[in-house]
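how would this look folded up:
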Amino acid sequence: MSQRAAVAIVTVLFAFSWAYAQEPVIEAPGVEMPVSEVTEISALTEESTPDYQMTGGEEVAGGEAVAVEEAVPTEESPAAVAPSEEEADSAHKGVVSLDFRDADIQNVLRILSYKSGVNIVAGPEVTGLVTIQLKEVPWEQALAVILETYGYSYDRRGNIITVTTIDNLKKRREDASILAEQIPLITKTFILNYGKAKEIIASIDKMKTDRGSINYDERTNTIIVQDIPDNVQLIGEVIAQLDMTTPQVLIEARIVETTLNSQENLGVDWTAKATISGSKRPTVYPFTKHSADKYLPTDIPAAASSEFSYGTLNFTQVQAVLEMLRTRTDTNILSNPRIVTLDNQPAKINVGSQYPIPTYTYNEEQARLQISGWEYKDIGIIFNVTPHVNNKGYVTLDIEPTITEILDFVTVENTSLPRLSNESAKTRVMVKDGETLVIGGLIKSKVTDVKKKIPILGDIPLVGLAFQKKEKGVVKTDLLIFLTPRIVTQDVPAAEVKADATAETE
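Purely as a prediction, here's the structure:
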């Protein structure tokens, strides 16, 4: 081979090597790249390709010398080390820090693709230099900021993000819309097992396309969907998630009235009457307005009215309290109602009676009020309860207890009318399935006629009056309400739950 031919071959090989070095290297997302130790990166020139470094979750590029700890390998630095824990943690959280100065936008997108693990594809129309500095921001937010700043947009489908100009993206969507209009519609019916079609439609109506429609048949509880096949399938999946079994809650109430003696003016002496061992909660009694945090989570409010106070008891404590109350001769269990309601549906417990109250109209001719009709007023204890069941076995109760009593009677227009007292409260409490909520502290004073007499002598007819004495006395009573919610599932029918509740009460 002649000397001239050898020189020509060397020249061609050198030119090929130089051209190959100028080609940008495409980094595949999700592929681990070895890194090596460097101390300084030279300044960039217009003729050189920018170098990018990642330092513990931070990418750096630009025309100034930057000291870093780790760098993407080059031919001059082939040694490989494992990525730092800080970088791995940052990548796991999807947080990046960027510092670009006059960097090619295509290379910036490659780095974001590498860090996020998402395929980012940029069209040839995406060009320009990027100068931006961001610190510890989500990668998707960083992508949106860069593209909005430099007049680009993106479309995401699964794990692929396509970057293009705003005009191109609009055109693509218009073309996709035209294509979608050519797809034939299909109709599918969904028969609901648990939910109401009218209620579920309110949640899925916005999911239909412009050509689609969603209707329902109330008689058969069926939803009819007409749309493109892909959207019908998506709507069907949502309907299946919404048409789930609704839990039921059995709410048992025990309403107890106990008479207080002179040493119990502030309430029942719990500590003197009940000894509880092995309890799961603090047993500091009585339940005062300011001690709710001892029985309930700290974020649950205390009673709204100073007349009521709240606390919770587990099974052992409830049995001890009820046993104590049974030993008191001045204790009366007024009622023990039970009611079953669906989750998030209100239930009403009414223990009492209805009393007729007249309604009046003004007679202008006679210039006085006249009875025009009657309305019935609930007298007694009324509970409005709405349960909310969570997946942890707890029940949140929205409670509105109201106690209405007749104090005395007054005469109006020759009609005897009752004068009523009304005590009410509104609160929200959380108890575990099967635990008991105690509402107490409603103390009332009643004036009674007390007859005192000397034994035997006071019972003698006529003569016994001399050995008797009548006087008025004040009797104080404390009303205690025990509420126990129990979750009813398909595995535990309501009949079994009621049987268990009855066994506990006996």
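
How about stretch 155-174, which residues are buried there?
By 16 or more other Cβ atoms under 10 Å, the buried positions in stretch 155-174 come out as 161-164, 168-169. Just so you know, the C-beta spots here come from the backbone N, C-alpha and C atoms, and that holds for glycine as well.

ditto for stretch 389-407
Going by 16+ other Cβ under 10 Å, stretch 389-407 has these buried residues: 389, 394-397, 399-405.

Over it, what's the mean pLDDT, rounded is fine.
For stretch 389-407, the per-residue pLDDT values average out at 88.

re the thing from before, among the buried residues of stretch 155-174, which ones are in helices?
168-169 (DSSP state H).

just the buried residues of stretch 155-174 now: which is nearest residue 249?
residue 161 (46.6 Å; Cβ to Cβ).

wait, doesn't the closest one sit right on residue 120?
Yes: Residue 161 lies in contact with residue 120 (Cβ atoms under 8 Å); the separation is 4.8 Å.

Can you report how many residues lie near residue 452?
Other residues lying near residue 452 total 11 when counted by other Cβ atoms under 10 Å.

and it, bridged to which residues?
Note on residue 452: beta-bridge partners residue 469, judged by DSSP bridges.

hang on, it packs against residue 473?
No: assessed by Cβ under 8 Å, residue 452 is found out of contact with residue 473, at 9.7 Å.

which intervals of the stretch 1-150 of the chain have sub-threshold pLDDT?
1-93 (pLDDT under 70).

if we go to 80?
1-94 (pLDDT under 80).

For the protein, just list every one of the helices.
3-22, 85-93, 105-116, 139-149, 166-181, 197-204, 229-242, 270-273, 315-327, 494-505.

Mind jotting down where the strands sit in the stretch 201-350 of the chain?
213-217, 222-227, 248-260, 309-313, 331-335, 338-342, 347-363 (DSSP state E, counting those that start in this stretch).

Now the second one: average pLDDT?
This predicted structure assigns strand 222-227 an average pLDDT of 94.

can I get the buried residues of stretch 389-407 in a markdown table with distance to residue 259?
A markdown table is the format used below for those (distance: Cβ to Cβ, whole Å):
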| residue | distance to residue 259 |
| --- | --- |
| 389 | 37 |
| 394 | 35 |
| 395 | 32 |
| 396 | 34 |
| 397 | 28 |
| 399 | 25 |
| 400 | 27 |
| 401 | 21 |
| 402 | 23 |
| 403 | 17 |
| 404 | 21 |
| 405 | 16 |
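
quick one on the thing from earlier: okay, the strands of the stretch 201-350 of the chain, which one's buried deepest?
Greatest average neighbour count among these goes to strand 309-313 (a mean of 25), per mean count of other Cβ atoms under 10 Å.

With just CA atoms, put stretch 462-482 into PDB.
Output of stretch 462-482 as PDB, limited to C-alpha atoms (Å, rounded to 0.1, in the frame of the first residue of the first chain):
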ATOM      1  CA  LEU A 462    -109.500   9.200 111.200                       C
ATOM      2  CA  VAL A 463    -107.400   9.100 114.300                       C
ATOM      3  CA  GLY A 464    -104.300   8.400 112.200                       C
ATOM      4  CA  LEU A 465    -104.500  11.900 110.700                       C
ATOM      5  CA  ALA A 466    -103.100  13.200 113.900                       C
ATOM      6  CA  PHE A 467    -100.000  11.100 113.400                       C
ATOM      7  CA  GLN A 468     -99.400  12.000 109.800                       C
ATOM      8  CA  LYS A 469     -97.600  14.800 108.100                       C
ATOM      9  CA  LYS A 470     -97.600  15.900 104.500                       C
ATOM     10  CA  GLU A 471     -94.900  18.000 102.900                       C
ATOM     11  CA  LYS A 472     -93.400  18.700  99.500                       C
ATOM     12  CA  GLY A 473     -90.000  17.200  98.600                       C
ATOM     13  CA  VAL A 474     -87.600  17.600  95.800                       C
ATOM     14  CA  VAL A 475     -86.400  14.400  94.100                       C
ATOM     15  CA  LYS A 476     -83.400  14.500  91.700                       C
ATOM     16  CA  THR A 477     -83.100  12.000  88.900                       C
ATOM     17  CA  ASP A 478     -80.200  11.200  86.500                       C
ATOM     18  CA  LEU A 479     -81.000  10.000  83.000                       C
ATOM     19  CA  LEU A 480     -78.400   7.600  81.500                       C
ATOM     20  CA  ILE A 481     -78.500   6.500  77.900                       C
ATOM     21  CA  PHE A 482     -76.400   3.600  76.600                       C
END
